[in-house]
Every structure is written in structure tokens, then in C-alpha cells.
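>>> Please find the sequence and the predicted model below.
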Amino acid sequence: MSDRKHSFVVQRNGQPATVEDLTPLAFAGYAHFTAIQVRGGSVRGLDLHLERLRAASMELFGQALSDDQVRSYLRAAVRGGPSDLSLLATVYSPAGEFTVAGAEVAPEVLVRTGPPSSGPVGPLALAVVEHERVLPAIKHVGEVAKTYFLRHAVAQGFDDAAFIDQQGRLSEGSIWNLAFWDGSAVVWPEAKMLIGTTMGILRRQLERMGVPQRVEKVTLANVAEFSGAVVMNSWTPGVAVSRIGSVHLPEAPIFLNLLHKAYEAEPLTSV
């Protein structure tokens, strides 16, 4: 049996990436990406990942590859690898940074696979940082602030960071969406943020299940009123949050179980 670690890949446009392919990218930061957990060779919310890549490409490059083309690159990376893995698909322009490429320069796709992840067990304590991401609706690369604030949060005894905007609204975490529980409804923060694919999956499945949801302003002044809070991303539909800044929150296992149940209700789609 071959060593499983050799089944993971780095590919450019569906083919093994060379040093020449990767060298320019190592010094560039104008690109966007999506992170996917593959289970049994299939994906939850594939339509949301494709929509994310398509919309971000139009915003950054003025054009986008077809969903079928992108899907073929994802399929090439998954084919022959372990049935469970993590996948990162990055879309960039070969024209590089600090240029305005014309329509003749089509975006390209770099795909990397690695071991599967389910995220931390939690509960997590989040430091509060005033920060607003540039182009918050796009999952773009080169965001030094997210790692910077994570490192500072850990140095202060926290597990990660939560961002608060200039209006005092909690928005998102370093690599997470936030969600809150009032005892009967899921509350999504009202702020400019990246709408994660897992967040999108949960929204539509919670609606299907008849679970109340609403979007409202969440601040440090009212966060203690909630019965629980979680973070979520492509790794997991929910990790309990025990503290945001100096505010302690109950773990709310009912809330956590509800989110995991909603996530598992999302059908798996073959890449």
C-alpha cells in the first residue's frame, strides 16, 4: 500500500504545479480562495464554493472561469487522493500584482490538498479587536492582520480573536463566522463580513428545519444577554465560545447540537 501522504497534491489548472509555476505566487498577494473539507470524495455546499469563487473573480479580475472548469480542477486534485481531505482552491491572475490585465489574461487556479480537519474542540476564549477587513465580502489572501491579531490574542491568554467594527458591532473572527443563541433562535451578527460557506449551509438548512433565525446588531454591551455563542468555518459548523473579551458565555450544548444536525442535513455532492 502506498504512503497516504504522497496522495496529497499541489496543482495548477489541474496539472502538477512546478517551481516555475509557484515562484511568482510566493511573492504575490492579489488572489482569492475557498477552503473545502472533502469527505468520501464529496463536498457539502459545493454550489456555495463555486458561487464564491465566481463572484470574487468578477470583483477582482473582471472575469471568471466557468463553474465546470473550476470543478474540473477540483476533481483532478481529489482524484486518486484519500477519500477524506482538506482542499484549498486559490484563484489568481497570471499577470500578477500592480497590473491591470485585459480580458485576454484569464484567471488561473491553484489547488492544494492535505489532511482532513475538524477544527478545535473548544470552548474558545476570544479577544476583542477593533478591525474591519478590506473587501470583507471576499475571501482574499494576504490578510496579515488576521494572523497578527491571532498571535496577539494567544499571547494575552486567549485562543483567538473576534473583530468589532467602528460602530461597536461584533462581526467575525480571524478565520471564523460568529453565531449566537437566544434560547430559541439563531442570531447572526449585523455587520460587514465574509458570509462563509458553512454559514450559508446552516442558514438554508435551519430554514428548512423551521428554526427561527434573525440578523441583529451584537455588541459587547448586549452579548451577555445570549444563551451561547459559537464560531464556524469550513472545518466545523460550530465550536463553543466561552468568553468574548471579559464577557463569559454558557456553552449551550443544545445550540451546538442543532448546528451540527443542520450541517449534516446538507447533502454531499461529488466534485
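Cool, got the structure. Here the structure is a predicted model, which means the values were calculated and not measured. Numbers count the residues shown, from 1 in each chain.

>>> what is the rounded mean pLDDT of the helix or strand containing Val215?
Element membership for Val215 (DSSP states H and E) is strand 213-216. Averaged over strand 213-216, pLDDT sits at 98.

>>> same question, stretch 144-160
Here the average pLDDT along stretch 144-160 is 97.

>>> Give me the contacts around that stretch.
If you take Cβ atoms under 8 Å, 6 or more residues apart in numbering as the criterion, stretch 144-160 is touched by 120, 124-127, 129, 131, 133, 161, 163, 173-176, 231, 243. In this view, the C-beta of every residue, glycine as well, is placed from N, C-alpha and C.

>>> With stretch 18-28 instead?
The contact list for stretch 18-28 (Cβ under 8 Å, 6+ apart) reads Val10, Arg12, Ala31, Tyr92, Pro94, Gly96, Glu97, Leu110.

>>> Which PyMOL command selects the buried ones in those?
Restricted to buried positions by 16 or more other Cβ atoms under 10 Å, the PyMOL selection for those reads:
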select buried, resi 10+12+31+92+110
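
>>> can you pull out the strands in the stretch 51-200 of the chain?
85-92, 108-114, 124-130, 160-164, 170-173, 177-181, 186-189 (DSSP state E, counting those that start in this stretch).

>>> Let's have the ones you listed in CSV, adding distance to Ser227.
Shown next, in CSV, are the strands of the stretch 51-200 of the chain (distance: least, Cβ to Cβ, whole Å):
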stretch, distance to Ser227
strand 85-92, 32
strand 108-114, 36
strand 124-130, 17
strand 160-164, 18
strand 170-173, 16
strand 177-181, 5
strand 186-189, 10
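
>>> thinking again about what came up before, nearest to Leu202, of the contacts of stretch 18-28?
Ala31 (26.8 Å; Cβ to Cβ).

>>> Now do the contacts for the closest one.
Ala31 makes contact with Leu25, Leu60, Thr90, Val91, Tyr92, Ser93, His140, Val141, Gly142, according to Cβ under 8 Å, 6+ apart.

>>> State the pLDDT value of Leu249.
Predicted confidence (pLDDT) for Leu249: 97.

>>> Report the separation between it and Arg214.
Computed as Cβ to Cβ, to the nearest Å, the Leu249 to Arg214 distance reads 18 Å.

>>> Which one of those two is surrounded by more residues?
Higher neighbour count among Leu249 and Arg214: Leu249, with 22 against 10, using other Cβ atoms under 10 Å.

>>> Determine the longest helix present in the protein.
helix 46-61 (DSSP state H).

>>> and the angle from it to strand 108-114?
Compare the direction of helix 46-61 with that of strand 108-114 by axes from the mean of the first three to the mean of the last three Cα atoms, to 10 degrees and you get 140 degrees.

>>> Which residues does helix 46-61 contact?
With Cβ under 8 Å, 6+ apart, helix 46-61 has contacts from 30-32, 34, 36, 43, 63-65, 67, 70-71, 89, 91, 93, 101, 107, 135, 138-140, 197, 200-201, 269, 271.

>>> just stretch 191-208 next, same as before
By Cβ under 8 Å, 6+ apart, stretch 191-208 touches 34, 36, 44-45, 48-49, 52, 132-133, 136-139, 165, 167, 169-172, 176-177, 179, 186, 188, 213, 217, 232-234, 236-237, 258-259, 262-263, 265-266.

>>> Report the buried members of these.
Buried among those by 16+ other Cβ under 10 Å: 34, 36, 44-45, 48-49, 52, 132-133, 136, 138-139, 165, 169-172, 176-177, 179, 186, 188, 232-234, 236-237, 258-259, 262-263, 266.

>>> hang on, the earlier thing: would you turn the contacts of stretch 18-28 into CSV with pLDDT and distance to Ala153?
Formatted as CSV, the contacts of stretch 18-28 follow (pLDDT from 0 to 100; distance: Cβ to Cβ, whole Å):
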residue, pLDDT, distance to Ala153
Val10, 91, 30
Arg12, 90, 34
Ala31, 94, 26
Tyr92, 93, 29
Pro94, 89, 36
Gly96, 83, 33
Glu97, 84, 29
Leu110, 95, 29
